[in-house]
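J.: Sharing a model prediction with you, sequence too.
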Amino acid sequence: MPTKSHDSTKKKPARGAIPLPEADLFGNQLAEGAVPLQLAWEVVEPDPNQARWVLPPELRARFIAGKLSAVDALRQWHKQVEQLRARLGKDGWRPGEMAEVRKLDEIEALARSLQAGGQVNPITVVRRGDKWRIETGERRFWAHVYLVGLKNDKTAAQIPVSVRPRIDPFRQAVENLHASPLNAIGLAREVARLLLVVTGNPSPGTDAGRVMDLATYRDLARQRVPPGGWSKIEEAMGRKADHLGRYLRLLLLPEEAVQLADRHDLTEKQLRPVSELGDAKKQLQVARLIAELGLSSAEVEWLCKQPNLSAAERELRTRLAGKAAEKAKKSPRARFAPEQVLYNRCIGFVRFAESVRRGGAEPAQALAEQFLAQSGETALAELRGLISFLEGTVVEIERARPAGADGRAEGRHPSPGTD
């Protein structure tokens, strides 16, 4: 009786990990030990059909059309987010604005991580003429652009890459599952792209002139899937066909509603009642309200059931305004401006460190151990960012105080307010 041979050198995936595929959806073996290269960032380009959209829609469209360079697109995005941040302490944040700021924050955090420890996982690319198109790792590409274009860090001008023979949507789907999860619209685009492959069409990533638009995604969402087609997609996405079908239906919403849902990271549960409305104008109205007010799925479901949507909107706004006012009254933080809270936290940090030292422990060592445990390889980048902020504060204090004044004369800090 023949025995099965075992390759002792082949590592098993960790428990709970999604194994990377050995072949694409066409059955072609993926290149093992892909060729490592260092490429200038200018010759690397994102895949326009990637399910995860990094840039805001209007900037992304101009970038793909060649009307904006990567650096200019990122600078304009950065400017938009800085304008949102400038409102902090004036009008306060609206729920819908947080998602856009968070998306850029993720790129900036990734850039700091690259500065601190370098790039651990190379971007995978495919040769396309005199350019290299990204298969996986687009956010790492934008982190390099951020460092080069906004921080003038020339050391980030070269990007470590691994070369693949072709773009494989299946591999992109697995990468997106390993990275931070796709939002509802991104997942819908991922499913639609895999449907394009299993129905016998070529992968759009191999066609230099083809960019999937919303009309293409909608056609895919409406078409019937051939026998056995869903099984391949279920394996890639780790979800059942009926679940994935609910995501696909989101692509049938009005275009502006799709864009709002994507940029504000709305969930499928929030959008499900919207997709069941029969009126496109009502769908768009509700989508705008979810993005603006940060409505819960229960609030969305209630709103979509009301016969008079405009009257229901007025009632909902009044109700939410009352809740916000009541919450502000109960919150001690509401009595302080953000700069006061920031001051209180800094002074509290210093005093707590002194108390740790009086207790016989070394606060620097204790803090270092916690940073390494909680933040891993980004610990140094986060601490350096804090040090840079504190050094900037010292510079501002020295610039503002009268000549000869010494704030340390009394040997103590002013008493902070209650946070």
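T.: Structure's in. What do you need?

J.: ok, now which ones touch Gln172?
T.: Counting by Cβ atoms under 8 Å, 6 or more residues apart in numbering, Gln172 touches 47, 50-51, 135-136, 190, 193, 205. The C-beta positions use only the backbone N, C-alpha and C, and glycine is treated the same way.

J.: Inside helices: which ones of these?
T.: Judged by DSSP state H, helices contain the following of these: 190, 193.

J.: For the stretch 1-150 of the chain, give me the ranges with low pLDDT.
T.: 1-36, 88-97, 119-120 (pLDDT under 70).

J.: Now do the strands in this protein.
T.: In the chain, strands defined by DSSP state E lie at 36-40, 44-45, 123-128, 131-136, 158-163, listed in chain order.

J.: For Leu293, the count of nearby residues, please.
T.: For Leu293, the neighbour count with other Cβ atoms under 10 Å is 17.

J.: Numbering from 32 from now on, please.
T.: In the new count, where the first residue is 32, that last one comes out as Leu324.

J.: wait, doesn't it sit right on Arg350?
T.: No: counting by Cβ atoms under 8 Å, Leu324 stays clear of Arg350, with 10.5 Å between them.

J.: ok so, going back, can I get the strands of the chain in JSON lines with distance to Val387?
T.: Output for these, formatted as JSON lines (distance: least, Cβ to Cβ, whole Å):
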{"stretch": "strand 67-71", "distance to Val387": "44"}
{"stretch": "strand 75-76", "distance to Val387": "47"}
{"stretch": "strand 154-159", "distance to Val387": "42"}
{"stretch": "strand 162-167", "distance to Val387": "43"}
{"stretch": "strand 189-194", "distance to Val387": "40"}
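
J.: closest to Ser306 out of the ones you listed?
T.: strand 162-167 (29.7 Å; Cβ to Cβ).

J.: Name every strand pairing with the closest one and say which way it goes.
T.: strand 75-76 (parallel), strand 154-159 (antiparallel) (DSSP bridges).

J.: right, and those - which one's nearest Leu334?
T.: Nearest of these (Cβ to Cβ): strand 75-76, 41.5 Å.

J.: Tell me how far that closest one lies from the chain's centre.
T.: 20 Å (Cα atoms, centre = their mean, to the nearest Å).

J.: and if you look at stretch 318-338?
T.: The answer for stretch 318-338 is 23 Å, by Cα atoms, centre = their mean.

J.: ok, back up a step: need the winner for burial among the strands of the chain.
T.: Highest mean neighbour count of these: strand 162-167, a mean of 22 (counted as mean count of other Cβ atoms under 10 Å).

J.: List the contacts of Val222.
T.: Contacts of Val222 (Cβ under 8 Å, 6+ apart): 264, 268, 275, 278-279.

J.: With respect to Asp244, which of the contacts of Gln203 is nearest?
T.: Proximity of the contacts of Gln203 to Asp244 (Cβ to Cβ) peaks at Arg224, which lies at 12.6 Å.

J.: mind checking how far that closest one is from Phe94?
T.: 20 Å (Cβ to Cβ, to the nearest Å).

J.: And for the residue nearest the centre of the chain, nearest residue in space, chain neighbours not counted?
T.: Closest to where the C-alpha atoms of the chain average out (Cα atoms, centre = their mean) is Lys134, at 4.4 Å. Among residues not flanking Lys134 along the chain, Val85 sits closest, at 7.3 Å (Cβ to Cβ, 6 or more residues apart in numbering).

J.: now swap in Asp184 and tell me
T.: Using Cβ to Cβ, 6+ apart, the closest residue to Asp184 is Leu178 (4.1 Å).

J.: What about the one you found, how many residues nearby?
T.: Using other Cβ under 10 Å, the number of residues around Leu178 comes to 22.

J.: Isn't it up against Ser144?
T.: No: Leu178 lies out of contact with Ser144 (Cβ under 8 Å); the separation is 10.9 Å.

J.: Just the buried positions in stretch 178-186, please.
T.: The neighbour-count check on stretch 178-186 (16 or more other Cβ atoms under 10 Å) flags 178-180 as buried.

J.: any chance of those residues in a markdown table, plus distance to Arg159?
T.: Output for the buried residues of stretch 178-186, formatted as a markdown table (distance: Cβ to Cβ, whole Å):
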| residue | distance to Arg159 |
| --- | --- |
| Leu178 | 24 |
| Val179 | 21 |
| Gly180 | 22 |
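
J.: got the contact list for the nearest residue to Arg91 once chain neighbours are set aside?
T.: In space, and not counting its chain neighbours, Arg91 is closest to Trp84: 6.0 Å by Cβ to Cβ, 6+ apart. Trp84 sits next to 91, 217, 293 when contact means Cβ under 8 Å, 6+ apart.

J.: any idea which of these is closest to Gln401?
T.: Distance to Gln401, by Cβ to Cβ, is smallest for Gly217 among the contacts of Trp84, at 33.3 Å.

J.: from what I can see that closest one touches Val85, true?
T.: No: judged on Cβ under 8 Å, Gly217 makes no contact with Val85 at a distance of 10.4 Å.

J.: Not counting its neighbours along the chain, what's nearest Leu135?
T.: Nearest residue to Leu135 in three dimensions, chain neighbours excluded: Val112, at 4.7 Å (Cβ to Cβ, 6+ apart).

J.: how many other residues sit next to that neighbour?
T.: For Val112, the count of nearby residues is 19 (other Cβ under 10 Å).

J.: how close does it get to Arg277?
T.: With distances taken as Cβ to Cβ, Val112 is found 31 Å from Arg277.

J.: The residue nearest to Val156 when sequence neighbours are not counted: what's it in contact with?
T.: Nearest residue to Val156 in three dimensions, chain neighbours excluded: Trp163, at 4.0 Å (Cβ to Cβ, 6+ apart). Residues in contact with Trp163, defined by Cβ under 8 Å, 6+ apart, are 70, 74-76, 156-157, 192, 194.

J.: and Trp163, bridged to which residues?
T.: Here Trp163 sits in beta bridges with Val75, Arg158, as judged by DSSP bridges.

J.: In contact with Val112: list those residues for me.
T.: Counted by Cβ under 8 Å, 6+ apart, Val112 has contacts 131-132, 135.

J.: Neighbour-wise, give me the winner out of those.
T.: Most surrounded of these: other Cβ under 10 Å gives Leu135, at 22 neighbours.

J.: any idea how far that residue lies from Glu330?
T.: Counting by Cβ to Cβ - Leu135 and Glu330 are separated by 28 Å.
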